[in-house]
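Engineer: Sequence first, then the predicted structure:
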Amino acid sequence: MAKEIKTIGVMTSGGDAPGMNAAIRAVVRTALARGLKVKGIKKGYQGLLNEEIMDMEARSVSEIIQRGGTILGTARCLEFKTPEGQKKGADICRKCGIDGMVVIGGDGSYRGAQALSRNGINTIGLPGTIDLDIACTDYTIGFDTAVNTAMSAIDKVKDTSSSHERCSIIEVMGRHAGYIALWCGVANGAEDILIPEKYDFNEQSIINNIIANRKKGKTHHIIINAEGIGHSTSMARRIEAATGIETRATILGYMQRGGSPTAKDRYYASIMGAYAVDILLQGKTNRVVGYKRGEFTDFDIESALNMEKSIDEYQFEVAQIL
Ligand code: ADP
Ligand code: F6P
């Protein structure tokens with residue numbers, strides 16, 4: 001028989017992402033509406049091990065849906081990667097009466113969620129990352145906001161790039177994944193898109209492209225470079241030396257992780273937060289929530305982590321054409 005859930009915990013873990021607050025709010029309010037008690041765990045698994053745990057009421061999550069970051073804080077915790085740390089975390093949950101947990105984070109956080117499940121705490125993961133690099137879902141909390149933030153910033157850089165007839169390399173986040181770069185590449189009409197999944201490090205072909213475009217009369221040349229490729233500043237120096245065209249690098253950095261979430265991030269994060277509570281109530285554990293082919297759904301964590309995500313060939317080709 002499924003374990004009866006009376007009290008659930010909620011935490012954010014790994015890198016923060018806009019929309020996490022909307023998810024926390026939905027977890028808290030859905031749980032309360034279903035007659036459960038809710039506890040907020042501060043600073044991810046580290047806060048759990050430090051017993052930084054607080055009662056959450058409907059009012060604890062007032063006025064947060066529009067805020068970036070996470071009101072619970074987030075952290076990275078090495079101790080939770082050890083079997084001893086994981087058992088200690090589950091024991092703390094039991095001591096505090098927590099029998100279900102919602103963890104909002106990325107792949108690493110799912111491993112922690114898996115460990116909690118193994119140690120007897122029913123746990124559900126929600127995909128919280130600006131990188132969109134979780135294979136079981138077409139949507140991750142924060143991507144839409146991050147890509148819109150980056151797009152607006154790139155529009156501004158493009159203005160000045162055109163006025164001065166410069167080449168601009170704009171570095172966007174994504175250490176292992178090029179989704180923000182790909183989307184901005186299309187949305188900002190970039191001339192080149194460099195992403196970890198595809199870039200062949202052939203700088204000469206970029207240089208040839210810049211020279212050819214200048215001959216055709218283009219006043220600017222925008223290169224979107226994903227963080228995973230990096231080295232934007234030295235790349236700018238080399239391109240300037242090879243082309244004779246003034247070239248500047250702009251690294252957008254953490255501005256992409258912050259800021260007020262878009263309507264899409266608020267909405268999807270809210271539905272996912274509620275969904276997590278409802279599947280906990282159905283007795284599910286060791287699952288992650290995803291959005292696939294237009295529907296909210298859930299997957300076993302191990303199978304979700306074993307799925308592979310790759311850049312869609314057709315979309316990448318279109319990005320090159322445009
Ligand atoms: P993200 O969740 O964004 O991928 P991390 O990879 O940094 O971020 O993971 C967040 C946290 O999840 C880690 O600091 C750690 O506490 C926990 N975690 C990561 N990997 C494991 C693991 N293999 N086992 C248990 N916990 C893990
Ligand atoms: O997960 C989002 C992300 O911005 C990645 O693109 C990047 O690799 C990582 O976070 C950097 O995070 P931090 O600097 O906080 O370790």
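Structural biologist: That came through, no problem. Not measured: the values here are computed from a predicted model. Ligands and ions are numbered 1, 2, ... in the order given.
Engineer: Helices along the stretch 51-200 of the chain, start to end?
Structural biologist: For the stretch 51-200 of the chain, the helices defined by DSSP state H, counting those that start in this stretch cover 83-95, 107-118, 143-163, 179-187.
Engineer: Show me which residues of the shortest one are buried.
Structural biologist: Applying a neighbour-count criterion of 16 or more other CB atoms under 10 Å, one finds 179-187 buried in helix 179-187. Glycine gets a C-beta too; all of them are placed from N, C-alpha and C.
Engineer: In terms of secondary structure, what does it contact?
Structural biologist: helix 143-163, strand 167-172, strand 192-194, strand 221-226, helix 313-321 (3 or more CB pairs under 8 Å, 6 or more residues apart in numbering; DSSP states H and E).
Engineer: Strand partners (parallel or antiparallel) of the third one?
Structural biologist: Okay, so that is strand 192-194. strand 221-226 (parallel) (DSSP bridges).
Engineer: The strand it pairs with close to ligand 2?
Structural biologist: No: Strand 221-226 lies out of reach of ligand 2 by CB under 6 Å from any ligand atom, never closer than 8.4 Å.
Engineer: Kindly format the C-alpha coordinates of that strand as CSV.
Structural biologist: C-alpha atoms of strand 221-226 as CSV (Å, rounded to 0.1, in the frame of the first residue of the first chain):
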residue,chain,number,x,y,z
HIS,A,221,28.5,40.8,-37.8
ILE,A,222,27.1,39.1,-34.7
ILE,A,223,28.6,35.9,-33.4
ILE,A,224,26.7,34.2,-30.6
ASN,A,225,29.1,32.1,-28.6
ALA,A,226,28.0,29.7,-25.9
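Engineer: Between the buried residues of helix 179-187, which sits nearest Arg67?
Structural biologist: Using CB to CB, Ile180 is the member of the buried residues of helix 179-187 that sits closest to Arg67, with 21.2 Å.
Engineer: Distance check, the closest one against Ala150.
Structural biologist: To Ala150, Ile180 is 6 Å away according to CB to CB, to the nearest Å.
Engineer: hmm, back to that, closest one to Leu322 out of the buried residues of helix 179-187, please.
Structural biologist: Ranked by distance to Leu322 (CB to CB), those are led by Val186 at 6.2 Å.
Engineer: list the contacts for that closest one?
Structural biologist: Contacts for Val186 (CB atoms under 8 Å, 6 or more residues apart in numbering) come out as 318-319, 322.
Engineer: who wins for neighbours among the residues you listed?
Structural biologist: Ranked by the number of neighbours (other CB atoms under 10 Å), the contacts of Val186 place Ala319 first, at 23 neighbours.
Engineer: isn't that one right up against Ala181?
Structural biologist: No: between Ala319 and Ala181 there is no contact under CB atoms under 8 Å: 9.5 Å.
Engineer: Overlap of the contact sets of these two?
Structural biologist: Residues touching both Ala319 and Ala181 by CB under 8 Å, 6+ apart: Ile193.
Engineer: mind checking how far stretch 54-67 is from the chain centre?
Structural biologist: 21 Å (CA atoms, centre = their mean, to the nearest Å).
Engineer: same question, stretch 269-281
Structural biologist: Its chain's C-alpha centre and that of stretch 269-281 lie 18 Å apart, by CA atoms, centre = their mean.
Engineer: List the contacts of that stretch.
Structural biologist: Residues from elsewhere that reach stretch 269-281 (CB under 8 Å, 6+ apart): 5, 8, 19-20, 22-27, 30-31, 34, 36, 65, 100, 102, 122, 124, 126-128, 141, 261, 287, 289, 291, 296, 298.
Engineer: Filter these down to the buried ones, PyMOL style.
Structural biologist: To isolate the buried members of these in PyMOL, using 16+ other CB under 10 Å:
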select buried, resi 5+8+19+20+22+23+24+25+26+27+30+31+36+65+100+102+122+124+126+127+128+141+261+287+289+291+296+298
